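J.: take a look and give me a structure for this.
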Amino acid sequence: MTNKLNIIRAPVALGQGLEGVDEGPGLLIQNGLIGTAESLGWTLGRNAEIDIRNLTWNSPAADVPAHQHGTRIKFPKELGDACQDIARLAEVSSKEGAFTLTLGGDHSIAIGSIGGALLSRPDLGVIWVDAHGDFNTPETSPSGNIHGMPLAFLSGLMTPYQLPSFSWLKNHLRPEQLVLIGIRSIDSEERKLMKEWGANVFSMTEIDRYGIGEVMEQAKKILLQNGPRPLHLSYDIDAVDPHFAPSTGTKVRGGLSYREAHYVAESVAETCQLVSMDLVEINPRLGYVDPALRQDSNITIEVGIELIASALGKRIY
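T.: Next up, the predicted model:
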């Protein structure tokens with residue numbers, strides 16, 4: 001790894017159904033992300049700040065039947081094309097040896113960022129930080145929204161559905177390449193898929209029982225059991241308790257505290273194996289409605305920038 005940083009802005013919102021999540025990448029940049037990275041010794045590379053096609057929540061409907069089961073996936077063509085664009089940029093950045101930071105948008109963009117990284121680094125380890133399992137397939141998904149399905153794509157569970165727009169996704173994760181952290185909301189059939197596939201899951205229960213320090217040690221032990229490997233941190237802001245990060249579309253109470261959230265990023269960075277990161281699902285149009293609580297519209301943006309800084313090497317002491 002060099003000190004070069006490439007930022008891919010991926011303002012994709014079609015993986016879910018709420019307005020505003022496509023505004024997150026721009027606001028992270030506007031509120032000082034680049035200056036923060038530079039203060040930590042990072043230099044923007046030639047691919048830095050590349051925007052992919054700006055797909056928005058109200059694009060024309062393009063639902064298609066999934067395989068032969070009569071269920072539907074929302075916007076597979078548009079999202080397949082968008083993720084392919086992200087994957088191309090991620091693959092190039094990976095080959096350059098730069099740290100690749102992909103800013104979403106919703107979590108569907110991780111199909112592209114991780115799928116692209118896997119093309120050049122097939123042994124990539126992934127730390128998936130999220131309130132949700134994101135392992136749904138068309139049968140198990142209550143909504144048909146692809147932001148609840150990225151790990152089904154990346155694990156190969158979506159292969160039988162024959163979606164041409166995702167045919168570029170060549171390499172898939174194996175169970176020993178993936179650890180999920182902070183999970184606390186899983187659909188019942190999705191849970192069965194995760195168990196059958198062999199997902200390594202550290203839910204909020206394990207964090208409560210053992211503490212975030214021990215959980216991260218166990219997570220790293222799984223991913224690095226055979227020696228060093230490049231790591232990717234895919235961070236959904238809804239993993240953080242909504243008291244600290246309210247501006248997101250799928251809030252679930254009982255999440256990571258502010259310090260637990262930072263420790264996850266710090267712990268992964270300390271391995272010196274972290275090569276790429278996603279930060280997703282910040283929706284600046286959403287937040288607390290209780291006037292007695294803080295309504296600063298930038299608080300979630302601030303937390304997002306701070307978490308990225310921890311992943312890029314910022315430390316208390």
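
J.: quick one: contacts of whichever strand or helix holds residue 112?
T.: Per DSSP states H and E, residue 112 falls inside helix 110-120. Applying CB atoms under 8 Å, 6 or more residues apart in numbering, the contact partners of helix 110-120 are 8, 10, 79, 82-91, 94-95, 100, 102, 104, 124, 126, 146, 150, 153-154, 166, 168-173, 230, 232, 234, 275-276, 278, 280. Where you see a C-beta, it was placed from the backbone N, CA and C, and this is true even at glycine.

J.: helix/strand/coil for residue 176?
T.: In terms of secondary structure, residue 176 is helix; the call rests on DSSP: H, G, I helix; E, B strand; the rest coil.

J.: what pLDDT does residue 67 get?
T.: As predicted, residue 67 sits at a pLDDT of 44.

J.: make that residue 92, sorry
T.: 92.

J.: of the contacts of helix 110-120, grab the buried ones for PyMOL.
T.: In PyMOL, a selection of the buried entries from these looks like this (16 or more other CB atoms under 10 Å):
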select buried, resi 8+10+79+82+83+84+85+86+87+89+90+91+94+100+102+104+124+126+146+150+153+154+166+168+169+171+172+173+230+232+234+275+276+278+280
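
J.: can you give me the strands in the stretch 51-200 of the chain?
T.: 64-65, 72-73, 99-104, 125-129, 178-183, 200-203 (DSSP state E, counting those that start in this stretch).

J.: among those strands, which comes closest to residue 302?
T.: Minimum separation from residue 302 across the strands of the stretch 51-200 of the chain (CB to CB) falls at strand 99-104, 14.7 Å.

J.: check the offset of that closest one from the chain's centre.
T.: 9 Å (CA atoms, centre = their mean, to the nearest Å).

J.: how about stretch 166-176?
T.: For stretch 166-176, the distance to the chain centre is 16 Å (CA atoms, centre = their mean).

J.: for that stretch, what does the pLDDT average out to?
T.: 96.

J.: low-confidence regions, this protein specifically.
T.: Scanning the chain for pLDDT under 70 picks out 1, 46-71, 288-297.
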